[in-house]
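> Any chance you could fold what I've pasted below:
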Amino acid sequence: MEYAIHLFHTGGVVMYPLVVFMVVAWTIMVERVRTYRKIGSEIEILQAHIKKAQESMSWTILEADLKDDTTELGRVVEPIVQSVYNLEGLENRLHDVVAYMDHRMKRGLNWLNMMVTMAPLLGLLGTVVGMIQSFAAVGGEIGAPTVITGGVSEALIATATGLTVAIVALAFYSWCSDQVNTSIAKLEQQLGAILDIYNRSHR
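This next block holds a predicted model:
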């Protein structure tokens, strides 16, 4: 622990924003995991409603089931199903559902993307500043080589920390992006089934 504290202070001022980035990245990740689990459950509930309606190709059954759906996704889809007037209008409204869910699932990911780019730059800045200070402190001292190498070694801590933060943020961002793509694909499949039910039940 003492060594970690020593490295933190050695890295310079840029270590503070880098630590903040790491905390924010973990916070976003925990929040996104909970959100994606919730959305996954909402899509499964919607799928159950649709499957029930598909068995008899009854639009009325779908309307009735969605009235009792208290999930966020259900509350978005229910008024669309209740107020539909033609197939084209339904299709346009369901596209709005996809856009809404896409925005909901990508919330916070821009921050992760920003950290992936900014963290290494902050680390590099800390290293450059540390090297400048090392050379400036040398002057004409006899032990100049030792002072320079020691200073450069310490300054590289900022770069290592910046890269670590960027790698963690990138891993989180990649995982979240995969979850978004997978969930949106499942949602589009279910919304397509809603279109099919409406088309067949209104022939």
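
> State the next helix or strand along the chain beyond the lowest-mean-pLDDT helix or strand in the chain.
Each helix and strand of the chain was given a mean pLDDT (mean pLDDT, DSSP states H and E); the minimum falls on helix 2-10 at a mean of 67. Going down the chain from helix 2-10, the next helix or strand is helix 15-56, by DSSP states H and E.

> Show me where this structure has its helices.
With DSSP state H as the criterion, the chain has helices at 2-10, 15-56, 59-67, 72-83, 87-106, 109-138, 144-201.

> what's around the residue nearest to residue 165 when sequence neighbours are not counted, how many residues?
Once flanking residues are discounted, residue 165 sits nearest to residue 119: 4.0 Å by C-beta to C-beta, 6 or more residues apart in numbering. C-beta here means a position set from N, CA and C on the backbone, and glycine is covered the same way. For residue 119, the count of nearby residues is 26 (other C-beta atoms under 10 Å).

> Same question for residue 130.
With other C-beta under 10 Å as criterion, residue 130 counts 23.

> per-residue confidence for it?
With respect to pLDDT, residue 130 has a value of 73.

> Over to the one 5 residues further on?
Per-residue pLDDT puts residue 135 at 67.

> Then the one 4 residues further on?
At residue 139, the predicted lDDT confidence score is 55.

> now the one 4 residues further on
As summarised for this prediction, residue 143 has a pLDDT of 48.

> ok, back up a step: worst average pLDDT in the helices of the chain?
When I compare the helices of the chain, helix 2-10 is least confident, with a mean of 67.
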